[in-house]
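*Asks:* any chance you could fold what I've pasted below:
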Amino acid sequence: MPNANFGSVDRMNDSTLLQASDIRMAFPKPDGGELLVLDGINLELREREIVGVLGRSGSGKSTLLRLIAGLAAPTAGHVSYLGERVVGPARGIAMVFQSFAIFPWLTVFQNVALGLEAQGLPRPEIRQRSLAAIDMIGLDGFESAYPRELSGGMRQRVGFARALVVHPNIMLMDEPFSALDVLTAETLRTDFLDLWAEGRMPIRSVVLVTHNIEEAVLMCDRIVVFGSNPGRILAEIKVTLTQPRNRLDPGFRELVERIYVEMTARPAGAVPSRGGVGLSTVLPRTSSNLLAGLLETVAAAPFNGSADLPKIAHDLQMEIDDLFPVAETLQMMRFAEVGGGDIRLTEAGVAFANAGVDERKRIFARHLLTHVALAAHIRRVLDERASHVARKSRFVDELEDFMSEEAAEQTLSAVVTLGRYAEVFAYDDDRATFSLENPV
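*Replies:* Modelled structure (predicted):
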């Protein structure tokens, strides 16, 4: 099918469509420093492949997509598309977003046709291509419907049709299935892969951003595994399994296991800390129920203190953005060790899992104050003050010397949850104050 912007596919001989070279992306901080989001990113996209960018939320995956699309410029390095540097929005690159991102006051047809109208194409061609895209994506019969009349899955199909109708060379997909229920997401993935395998979509390659490991293995030809703080490439894995893929196939499970190993590996040369985490550490959001629940699950049969993270994720129906913060918090507090795709309970972790409610709180409080510097700092400030009260803003200001405002708020929220459970301090959200006594 002809490409609307660059002529036919046959006129392009180079198999490399896009190349990101030594990408570094940083944002300025109020104190004059910078927040490094991406560092040393090198990525190549070739003909007829789906490349997955897999990582946790906050690892810079969506930022990379914006750089590829030309919606932002990197601090250092560059993106080349069809042999030329990307400067500004790149024609021939389309994006599908996590949110449906369609206009509620326009019909399905009008939403899909919008991009072609912006290109100034003749009305007959706009109509023919829009109807063809709507039909291809499975929405034939809904051309005159408004988004409010559609289910979530159907609204996301409109997003796919709107991206496909301009006949892009590259489709960028930013977690397009994550806002959908499990069954709808699976149906949409399958339909997309069927259209891709049949060569019916007018695109040459795809970049899929996801935090779902099984989704990446199910859909992608190559998977680029991202680490966080800053975003960097931990591994690049080629997927040779034939389509359609079976989640229960041993080869599929082996790849899932390998990715968990890569994502839980310590950086080369890193030495495990014997002290606690300092004030500069961004604490993950989690809950005491999840922490206790994971400890109990790993301590019980059939795991008996040591479990395979993919198995835990499958059994508990948890994705990496759900499971990893819990596992990392347990490791941070020395209740568990995480590595090689496994989680192993320490003696303290086993003791916690086997203890009663009051003893659990005592164990948790001891580990929190010993291994989490921020919790110990807040408790020390409260102990030293005659009023035993301190404003939240005091600690936010201190944290912002090390991290962004958003990360400081997340870290304070996390430590409030941990401190409340351990009963080492209380927090009044109305007054934004910490104290040693619970407000009544």
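*Asks:* and this protein, what are its domain boundaries?
*Replies:* Following automatic domain parsing, one finds the domains of the chain at 9-263, 288-435.
*Asks:* make CSV out of those and add distance to Ser280.
*Replies:* For glycine as for every other residue, the C-beta is placed from the backbone atoms N, C-alpha and C. Listed next are those as CSV, based on distance: least, C-beta to C-beta, whole Å:
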stretch, distance to Ser280
domain 9-263, 10
domain 288-435, 4
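*Asks:* could you tell me the least trusted of those domains?
*Replies:* If you rank these by mean pLDDT, domain 9-263 sits at the bottom with a mean of 87.
*Asks:* circling back: any chance of a markdown table for the domains of the chain, columns mean neighbour count?
*Replies:* Shown next, in a markdown table, are the domains of the chain (neighbours: other C-beta atoms under 10 Å):
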| stretch | mean neighbour count |
| --- | --- |
| domain 9-263 | 18 |
| domain 288-435 | 17 |
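*Asks:* closest one to Val282 among those?
*Replies:* domain 288-435 (4.7 Å; C-beta to C-beta).
*Asks:* how far does the closest one sit from the chain's center?
*Replies:* With C-alpha atoms, centre = their mean, to the nearest Å as the basis, domain 288-435 stands 21 Å off its chain's centre.
*Asks:* that one: end-to-end distance?
*Replies:* By C-alpha to C-alpha, to the nearest Å, the extent of domain 288-435 from end to end equals 20 Å.
*Asks:* regarding the chain, what is its longest helix?
*Replies:* The single longest helix within the chain, with elements called by DSSP state H, is helix 405-422.
*Asks:* give me the sheet partners of the very next helix or strand once past that one and which way each runs.
*Replies:* Next along the chain after helix 405-422, taking DSSP states H and E as the criterion, comes strand 426-428. Its sheet considered, strand 426-428 pairs with strand 433-435 (antiparallel) by DSSP bridges.
*Asks:* contacts for the partner strand, please.
*Replies:* 378, 381-382, 388-392, 395, 425-428 (C-beta atoms under 8 Å, 6 or more residues apart in numbering).
*Asks:* looking at those residues, which is nearest Thr190?
*Replies:* Tyr427 (46.3 Å).
*Asks:* wait, what's in contact with that closest one?
*Replies:* Lys392, Val416, Gly419, Arg420, Thr433, Phe434, Ser435.
*Asks:* run the last query once more with 7 Å
*Replies:* Tyr427 makes contacts with Val416, Arg420, Phe434, as judged by C-beta atoms under 7 Å, 6 or more residues apart in numbering.
*Asks:* same check, this time on Val224
*Replies:* Val224 makes contact with Leu43, Val51, Gly52, Val53, Leu54, Ile233, Glu236, according to C-beta under 7 Å, 6+ apart.
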